[in-house]
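Q: fold the following and give me the result.
(one chain, ligands or ions: 1)
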Amino acid sequence: MSNPADLVFTLRNNFNSGNTRPYEFRLKQLQGLCKLLDDQEKELTDAILKDLRKPRFEALLYEVKYTKNEVLNMIYNLKEWMKPTKPSKPLPFLMDEVLIHSEPYGVTLIVGAWNYPIMLVLIPLAGAIAAGNVAVIKPSEVAPHTAELLQELIPKYLDQEFYKVYCGGIPETTSLLSQRFDYIFYTGNCQVGKIIHAAAAKHLTPVTLEMGGKCPVFIDQTADVEMVARRVLFGRLLNAGQSCIAPDYILCDKLTEQKFVSAAKKIIKEWYGENAKDSPCYGRIINERHFNRIIKLLEGAKIAIGGSHDINDLYIEPTIVTDVTPTHPLMQEEIFGPILPIFIVDNASSAIDFINKREKPLALYLFSTSKTTHALFLEYTSSGNMLINDTLMHFSCDTIPFGGVGNSGMGGYHGKYTFDTFSHPKGTNCSVFQIIKKLDKVGELINILRVPPYTDQKLNLINMFTMKLPPIPGLKHLSTLVVFSVGMFASLILNRGYNYWGAHKDA
Ligand code: NAD
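A: Below is the predicted model:
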């Protein structure tokens, strides 16, 4: 493995060759990525199984198939996405060609986390490719089997000149971060997010930070608690609770808590049998460090369901904790394990107050049939995403950006947002007057306004030309007509001004 300085130097030269820009090249690489996901499905799910004991169903659905769908979406829409878009034009630019081009940043760095070790690097990689960049991919060392497999497979399916996998832990990531990248896409915890952000700031490199935090759930009395319990437990227990958008704690009243706990007992048994440890549908904690961290959070907790654990098997039973206080360790950090504390609040306002006293969550979940309550949460809370009457599912709605705000992250991706994330939106403005030679004089006639000698007359005309008009609802063409008339009028006055200036120029 070459050192990071050589790696970035080579990649930058290769990017400068321009080879990653044509549509055909990008398409071929995305097809290669798709083929990797097809051909290596078993190897990939086996590696995830070794790293996380993730059930094959979960590994296939939420990692391999999900990633493949994102790549397919890019393949199908790439040509369209690459086209420059035409924004509306202010009056002074009516005759110009005004466009927004999606320009590749250049050398990008993708730093992945261990909990969805395939998806979290391959979706950003697909975005980097689609947008015409080159990339260094740094999978998480905490999921070593998957990291090694990606290092072996990616060069077989993608052009090695432009996409490099760089494996390693903190020292390797640190030395990578000392290099100048043109874009950094990081997924992981917030503390490391700050390190990444600080390293990027040294080179003024733009970043996307996909981080986590505590995702709250509020349940009011209008919700069907049996349905709520299914949906909340699905979110909490998937991947043994190790999902960034897993519901982290519940806020509800005492009656709802009681109903939730009794429904949850039934549901956990229905899904995993008498002993979740024996279930092939239940995952494990990634390693001993995280296992010990999670178990420590349970100290002094009142366990309503579950609580058993086995370090030799990295197993923690689905666990629900009641009578939680705001100062309990479970309420201090992201749990990232199969434990769900319930904190009692009187109503929606108290829940909002509780949420707003903490860092902005990556996802906020609300269970209520009341539109007033929906509006209240929408208006008075801030979170990366908000999902009403379900958990996690917004992740796969690729027409909305997925990402955090504040401590939970910056930037978003999925669907076209991934392409946009890896593209600099370069606005261009081409003066038609210079292209159509006969219009040269007309162009210069207008330009006279902005050059010395400065006069009040010129200032007034510029103001008139550039003044924003309120939109006339339903009468788009009328406002264009008004604008056109103003333009004509201004030109007439301008013509006089030009004659005047022309006459005095030689004087
Ligand atoms: P991790 O330990 O795999 O770390 C993430 C990456 O950061 C790794 O590639 C690692 O090499 C690098 N890293 C770790 N320490 C570093 C350091 N000191 N300096 C430089 N680089 C360093 O993953 P993690 O942070 O334990 O991941 C879990 C966290 O990620 C949770 O907070 C979770 O909510 C969040 N997450 C967010 C998303 C999202 O899409 N928003 C997805 C998954 C996980």
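
Q: could you dump the helix or strand Lys269 falls within to PDB, C-alpha only?
A: Secondary structure from DSSP states H and E places Lys269 in helix 254-272. In PDB, the C-alpha atoms belonging to helix 254-272 read as follows (Å, rounded to 0.1, in the frame of the first residue of the first chain):
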ATOM      1  CA  LYS A 254     -47.400   6.200  32.300                       C
ATOM      2  CA  LEU A 255     -50.400   4.500  30.800                       C
ATOM      3  CA  THR A 256     -48.800   4.300  27.400                       C
ATOM      4  CA  GLU A 257     -45.600   2.900  29.000                       C
ATOM      5  CA  GLN A 258     -47.600   0.100  30.600                       C
ATOM      6  CA  LYS A 259     -49.400  -0.800  27.300                       C
ATOM      7  CA  PHE A 260     -46.100  -0.600  25.400                       C
ATOM      8  CA  VAL A 261     -44.200  -2.900  27.800                       C
ATOM      9  CA  SER A 262     -47.000  -5.600  27.700                       C
ATOM     10  CA  ALA A 263     -47.200  -5.400  23.900                       C
ATOM     11  CA  ALA A 264     -43.400  -5.500  23.600                       C
ATOM     12  CA  LYS A 265     -43.200  -8.700  25.700                       C
ATOM     13  CA  LYS A 266     -45.500 -10.500  23.300                       C
ATOM     14  CA  ILE A 267     -43.800  -9.100  20.100                       C
ATOM     15  CA  ILE A 268     -40.300 -10.000  21.200                       C
ATOM     16  CA  LYS A 269     -41.300 -13.600  21.900                       C
ATOM     17  CA  GLU A 270     -43.200 -13.800  18.600                       C
ATOM     18  CA  TRP A 271     -40.200 -12.600  16.600                       C
ATOM     19  CA  TYR A 272     -37.300 -14.300  18.400                       C
END
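
Q: from the contact counts, what lies against it?
A: helix 225-237, strand 247-252, strand 302-305, strand 319-322, strand 339-344 (3 or more CB pairs under 8 Å, 6 or more residues apart in numbering; DSSP states H and E). To be clear about C-beta, it is placed using only N, CA and C from the backbone, and glycine gets the same treatment.

Q: the ligand is nearest to which of the ones you listed?
A: strand 247-252 (9.4 Å; CB to the nearest ligand atom).

Q: including distance to the ligand and mean neighbour count, could the helices and strands packed on helix 254-272 go into CSV?
A: Shown next, in CSV, are those (distance: least, CB to the nearest ligand atom, whole Å; neighbours: other CB atoms under 10 Å):
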stretch, distance to the ligand, mean neighbour count
helix 225-237, 13, 22
strand 247-252, 9, 25
strand 302-305, 24, 16
strand 319-322, 19, 24
strand 339-344, 15, 24
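
Q: and these: which comes nearest Leu150?
A: Nearest to Leu150 among the helices and strands packed on helix 254-272 is helix 225-237 (26.7 Å), distances taken as CB to CB.

Q: buried set for the helix holding Lys269?
A: Thr256, Glu257, Lys259, Phe260, Val261, Ala263, Ala264, Ile267, Ile268, Trp271, Tyr272 (16 or more other CB atoms under 10 Å).

Q: for the last one, give its distance to the ligand.
A: Going back to what we said before, that points to Tyr272. Using CB to the nearest ligand atom, to the nearest Å, we find Tyr272 at a distance of 24 Å from the ligand.

Q: repeat for the fifth one
A: Counting by CB to the nearest ligand atom, the separation of Val261 from the ligand is 26 Å.

Q: does that residue touch Thr322 like I think?
A: Yes. Using CB atoms under 8 Å, Val261 makes contact with Thr322 at a distance of 6.8 Å.

Q: quickly list what's touching both of those two.
A: Ala304, Ile342 (CB atoms under 8 Å, 6 or more residues apart in numbering).

Q: which residues touch the closest residue to Asp310 other than its chain neighbours?
A: Leaving aside its sequence neighbours, Asp310 sits nearest to Lys277 (CB to CB, 6 or more residues apart in numbering; 7.0 Å). The contact partners of Lys277, by CB under 8 Å, 6+ apart, come to Ser308, Asp310, Asp313, Tyr315, Glu317.

Q: likewise for Gly307?
A: Leu298, Glu317, Thr319.

Q: look up how far the ligand lies from the second one.
A: Here the distance between Glu317 and the ligand works out to 22 Å (CB to the nearest ligand atom).

Q: repeat for the first one
A: Counting by CB to the nearest ligand atom, the separation of Leu298 from the ligand is 19 Å.

Q: what's the helix or strand hosting Met386 packed up against?
A: Taking DSSP H and E as the definition, Met386 sits inside strand 385-388. Under the contact criterion of 3+ CB pairs under 8 Å, 6+ apart, strand 385-388 touches strand 363-367, helix 371-380.

Q: before we move on, the earlier item: derive a ChimeraX selection command for the buried subset of the contacts of Lys277.
A: Listed next is the ChimeraX selection for buried residues among the contacts of Lys277, using 16+ other CB under 10 Å:
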select :315,317
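
Q: pull the CA atoms of stretch 132-151 into PDB?
A: Extracted in PDB, the C-alpha atoms of stretch 132-151 (Å, rounded to 0.1, in the frame of the first residue of the first chain):
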ATOM      1  CA  GLY A 132     -17.000  12.200 -12.000                       C
ATOM      2  CA  ASN A 133     -14.600  12.200  -9.000                       C
ATOM      3  CA  VAL A 134     -11.700   9.800  -8.000                       C
ATOM      4  CA  ALA A 135     -11.900   8.300  -4.500                       C
ATOM      5  CA  VAL A 136     -10.000   6.900  -1.600                       C
ATOM      6  CA  ILE A 137     -12.200   4.500   0.300                       C
ATOM      7  CA  LYS A 138     -11.400   3.900   3.900                       C
ATOM      8  CA  PRO A 139     -13.600   1.100   5.300                       C
ATOM      9  CA  SER A 140     -13.900   0.700   9.100                       C
ATOM     10  CA  GLU A 141     -11.300  -1.400  10.700                       C
ATOM     11  CA  VAL A 142     -13.900  -2.400  13.400                       C
ATOM     12  CA  ALA A 143     -15.500  -4.600  10.700                       C
ATOM     13  CA  PRO A 144     -12.200  -6.200   9.500                       C
ATOM     14  CA  HIS A 145     -13.700  -9.100   7.400                       C
ATOM     15  CA  THR A 146     -15.700  -6.700   5.300                       C
ATOM     16  CA  ALA A 147     -12.900  -4.200   5.000                       C
ATOM     17  CA  GLU A 148     -10.500  -6.800   3.700                       C
ATOM     18  CA  LEU A 149     -13.100  -8.100   1.300                       C
ATOM     19  CA  LEU A 150     -13.700  -4.600  -0.100                       C
ATOM     20  CA  GLN A 151     -10.000  -4.100  -0.500                       C
END
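
Q: do it and the ligand meet at all?
A: Yes. Against the ligand, stretch 132-151 shows contacts by CB under 6 Å from any ligand atom at Lys138, Ser140, Glu141, Val142.

Q: and this structure, which residues reach the ligand?
A: 111-115, 120, 138, 140-142, 169-170, 173-174, 187-189, 192, 195, 210-212, 244, 334, 336, 362, 404, 409.

Q: which residues are in contact with the closest residue to Lys259 other than its chain neighbours?
A: Using CB to CB, 6+ apart and skipping the chain neighbours, the partner closest in space to Lys259 is Val225 (4.1 Å). Contact analysis of Val225 by CB under 8 Å, 6+ apart lists Ile219, Thr256, Lys259, Phe260, Ala263.

Q: pretty sure Ala263 sits against Ala229.
A: Yes. Using CB under 8 Å, Ala263 is in contact with Ala229, at 3.9 Å.
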